[in-house]
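> following is a predicted model, sequence given first.
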Amino acid sequence: MENERMTGLTPQLLAERFEADRGHLRAVAYRMLGSLGEAEDAVQEAWFRLNRSDVAEVRNLSGWLTTVVGRVCLDMLRTRTSRREDPLEYYVPDPVVREEGTADPEKEALLADSVGLALLVVLETLAPAERLAFVLHDMFSVSFDEIAPLVERTPAATRQLASRARRRVKDAAPTPEPDTTRQRKVVDAFLAASQAGDFEGLLTVLAPDVVLRVDGGDLTAAASKLVRGAEAVTAQALTFARYRHEARRVTVNGAAGLVSLAHGSPVGLMAFTIVDDRIVEIDIVADPDRLAALGVR
């Protein structure tokens, strides 16, 4: 559809073209915002802007919509940054959760290029313009000439924004094990050692510099914490296991994860980043409201 003029499109055909791009636009917005709800809002705003715009001369509607969503997300990030009060080190972006053994085409489309939760955590630390340049260029192949007007910089300066973001992502975001079977084996070993109170067993599956991040949200803010190091994380895991919570297997952003249950109700969603058969990062959402909003039951 590239280089196709939009002249003569009826409202119904325009709506059909937008719906065909909706999954792609949600994927862009999710990487930009790390929030499923905000991503939906950004896509809806793009629809409103499409209806208010004359696109008769647009040659690539998909590309035009991508930049519109990018601009909307940039504005949302800037507003969020100016208002943010919660400590960023505790914040865990919205995970995409799926029950193991089930298919969910909508969620799979959202994660078409397997964006891990650890990467989203790092993206949260970027300045809004850096995040936009990196996401649009490196993840969706949008040219710097197209991105530059969105960030009000020259293409060369926009390239530098993406380069800085790329370096930070490379330094901070681990490249996870792609084999889900190997992931699950490590996560199962972690769970078994936790439930058995096996200190040495936990140390075996945790990387020495493992990071545990717990986001308790507003309702359980006291649970929020950042813990570093295998021994400290092991102590936390053993303390948690004393409550004898049950666990259910799920996938989190395409990787092996767990839902922790107390009396049959979810109390935590655990995402694991695994490198060389060891856990390098554990991200936990323990906010009851967010768990409900994410559909974790």
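Thanks, I have the structure now. Numbering: from 1, shown residues only.

> from here on, contacts and neighbour counts on C-alpha atoms
Fine.

> and the helices in the stretch 151-297 of the chain?
155-172, 180-196, 199-205, 230-241, 288-293 (DSSP state H, counting those that start in this stretch).

> where does the stretch 101-250 of the chain dip in pLDDT?
Within the stretch 101-250 of the chain, the segments meeting pLDDT under 70 span 101, 103-114, 242-244.

> rerun at 80
101-114, 218-222, 240-245 (pLDDT under 80).

> quick one, what contacts residue 151?
Residue 151 makes contact with 129, 158 under the criterion Cα atoms under 8 Å, 6 or more residues apart in numbering.

> in space, what's closest to residue 91 - neighbours in sequence excluded?
What sits nearest to residue 91 in space, not counting adjacent residues and going by Cα to Cα, 6 or more residues apart in numbering, is residue 215, at 5.5 Å.

> residue 89: which of the helices of the stretch 151-297 of the chain is closest?
Nearest to residue 89 among these is helix 155-172 (13.1 Å), distances taken as Cα to Cα.

> which helix or which strand is home to the nearest residue to residue 161 once chain neighbours are set aside?
Leaving out its chain neighbours, the residue that sits closest to residue 161 by Cα to Cα, 6+ apart is residue 130, at 5.0 Å. Element membership for residue 130 (DSSP states H and E) is helix 128-134.

> again, but for residue 92
Counting by DSSP H and E, residue 92 is found in no helix or strand.

> how many neighbours does it have?
The burial count assigned to residue 92 is 24, neighbours taken as other Cα atoms under 10 Å.

> is it true that it touches residue 119?
No - here residue 92 lies out of contact with residue 119, judged by Cα atoms under 8 Å, at a distance of 10.8 Å.

> please enumerate the strands of the chain.
Counting by DSSP state E, the chain has strands at residues 97-99, 206-215, 225-228, 246-252, 255-262, 265-275, 278-285.

> switch these over to TSV; also include mean neighbour count and distance to residue 185.
As requested, those are exported to TSV (neighbours: other Cα atoms under 10 Å; distance: least, Cα to Cα, whole Å):
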stretch	mean neighbour count	distance to residue 185
strand 97-99	20	17
strand 206-215	22	13
strand 225-228	16	23
strand 246-252	19	12
strand 255-262	22	9
strand 265-275	24	11
strand 278-285	25	10
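
> kindly reformat those as a markdown table containing distance to residue 71.
Below are the strands of the chain laid out as a markdown table (distance: least, Cα to Cα, whole Å):
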| stretch | distance to residue 71 |
| --- | --- |
| strand 97-99 | 27 |
| strand 206-215 | 28 |
| strand 225-228 | 32 |
| strand 246-252 | 28 |
| strand 255-262 | 30 |
| strand 265-275 | 30 |
| strand 278-285 | 29 |
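
> from residue 138, how far off is residue 96?
21 Å (Cα to Cα, to the nearest Å).

> quick one: which of the two has more around it?
Each of residue 96 and residue 138 has its neighbours counted (other Cα under 10 Å); residue 96 has more, 22 against 14.

> quick one: residues contacting that one.
Per Cα under 8 Å, 6+ apart, neighbours of residue 96: 107, 252-254, 294.

> kindly recompute the last result at 6 Å.
With contact set as Cα atoms under 6 Å, 6 or more residues apart in numbering, residue 96 has these partners: 252-253.

> kindly report the same for residue 225.
90, 213-214.

> against residue 197, how distant is it?
22 Å.

> do residue 23 as well
Using Cα to Cα, residue 23 is found at 44 Å from residue 197.

> equivalent analysis for residue 184, please.
20 Å.

> those two: who's more crowded?
Neighbour totals were compared for residue 184 and residue 197, and residue 184 leads with 21 against 18 (other Cα under 10 Å).

> surely that one and residue 256 touch.
Yes - using Cα atoms under 6 Å, residue 184 is in contact with residue 256, at 5.4 Å.

> what's the neighbour count on residue 81?
By other Cα under 10 Å, 13 other residues sit near residue 81.

> would you mind measuring from it to residue 263?
Distance, residue 81 to residue 263, by Cα to Cα: 38 Å.

> which strands or helices does the next helix or strand after the helix holding residue 130 pack on?
Once the chain leaves helix 128-134, the next helix or strand it forms, by DSSP H and E, is helix 140. Helices and strands touching helix 140, as assessed by 3 or more Cα pairs under 6 Å, 6 or more residues apart in numbering; DSSP states H and E, are absent.
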